[in-house]
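> Any chance you can model this:
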Amino acid sequence: MTDADADGEPEGETYRSRLEAKRHEKDVFFTEHPQSPIPPDERDDFGGLTYFPPDPAYRVTATVDLAADPEAEPVLMETTAGREMRYLRVATLSFALERADPDLADGTYELAAYSQTPETTTLFVPFRDKTTGQQTYRGGRYMELEVPHELATGDELTLDFNLAYSPFCAYSETFDCPLPPEENWLEVAIAAGEKAP
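This is a model prediction of the structure:
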């Protein structure tokens with residue numbers, strides 16, 4: 001028997017349809033919105049973003065290890081324009097990836113989650129992986145996690161790599177974007193989320 005959500009749809013189909021709707025909405029934004037990162041003279045030729053197929057195996061549960069004092073050791077991230085941006089390492093997120101493909105590593109991994117202020121409801125998770133510079137943007141990709149409550153060590157958060165996206169500087173050099181620090185370079189291919197433009 002297939003698991004179903006409250007609407008009676010199989011959970012996998014509901015998740016896929018919601019993800020596809022988000023992707024369509026982003027294509028409309030990139031095509032029509034004045035703040036689109038696509039240069040105005042290139043928007044007529046913009047055919048939409050490209051993605052890996054939705055894969056529930058890349059929607060994982062991460063365990064939170066909260067930093068004792070995020071302000072004690074701020075992280076200076078290099079940017080695409082050669083500057084540095086100051087972030088606070090709020091937490092370490094530990095998660096397992098279980099893949100059926102024998103060419104992909106299985107195991108437990110860690111990503112640091114950052115913010116620019118101690119009081120935040122959004123965690124910034126920039127990362128590189130084995131697809132970076134090949135199938136995905138050479139500067140890495142980002143995820144943002146909304147935190148509905150005050151975090152504590154041992155809490156669990158959903159880490160959905162299907163929502164990983166390229167920063168705006170992937171589409172135009174007029175933007176300046178932080179680059180994932182080395183502690184967030186994953187030694188595994190994350191075949192989920194946005195591909196390179």
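
> what are the ranges of the strands in the protein?
59-66, 75-78, 84-97, 107-115, 122-127, 141-146, 156-160 (DSSP state E).

> With respect to residue 173, which of those strands lies nearest?
Among those, the nearest to residue 173 by CB to CB is strand 75-78 (15.7 Å). Bear in mind the C-beta positions are built from the backbone N, C-alpha and C, glycine included.

> Relative to residue 18, how far out is residue 69?
As for residue 69, its distance to residue 18 is 38 Å (criterion: CB to CB, to the nearest Å).

> And these two? Which one has more around it.
Shown here are residue 69 and residue 18; by other CB atoms under 10 Å, residue 18 has more neighbours (11 against 8).

> Can you check the pLDDT for the more buried one?
Residue 18 carries a pLDDT value of 91.

> Hmm, residue 164 is touching residue 195, no?
No - in this structure, residue 164 is not within contact of residue 195 by CB atoms under 8 Å, at 10.1 Å.

> isn't residue 78 right next to residue 178, touching?
Yes - Residue 78 is within contact range of residue 178, at 7.4 Å (criterion: CB under 8 Å).

> ok, residues contacting stretch 190-197?
Identification of contacts with stretch 190-197 by CB atoms under 8 Å, 6 or more residues apart in numbering yields 49-52, 54-55, 58, 104, 127, 129-131, 134-138, 141, 161-166, 170-171.

> my guess is residue 175 meets residue 168, correct?
Yes - if you go by CB under 8 Å, residue 175 and residue 168 touch, sitting 4.2 Å apart.

> Which of the two has more residues huddled nearby?
residue 168 (17 against 14).

> if I look at that one, how far off is residue 156?
Counting by CB to CB, the separation of residue 168 from residue 156 is 30 Å.

> Please verify my assumption that residue 165 contacts residue 137.
No - using CB under 8 Å, residue 165 makes no contact with residue 137, being 9.2 Å away.

> Looking at the two, which is more packed in?
It is residue 137, of residue 165 and residue 137, that has more neighbours when counted by other CB under 10 Å, with 22 against 17.

> who touches that one in this structure?
Residue 137 neighbours (CB under 8 Å, 6+ apart): 166, 167, 170, 194, 196, 197.

> Name the nearest residue to the third one, sequence neighbours excluded.
This means residue 170. Leaving aside its chain neighbours, residue 170 sits nearest to residue 137 (4.3 Å; criterion: CB to CB, 6 or more residues apart in numbering).

> Got phi/psi on the one you found?
With angles defined as degrees, to the nearest 10, residue 137 sits at phi -50, psi 140.

> ok, it to residue 188 distance?
17 Å.
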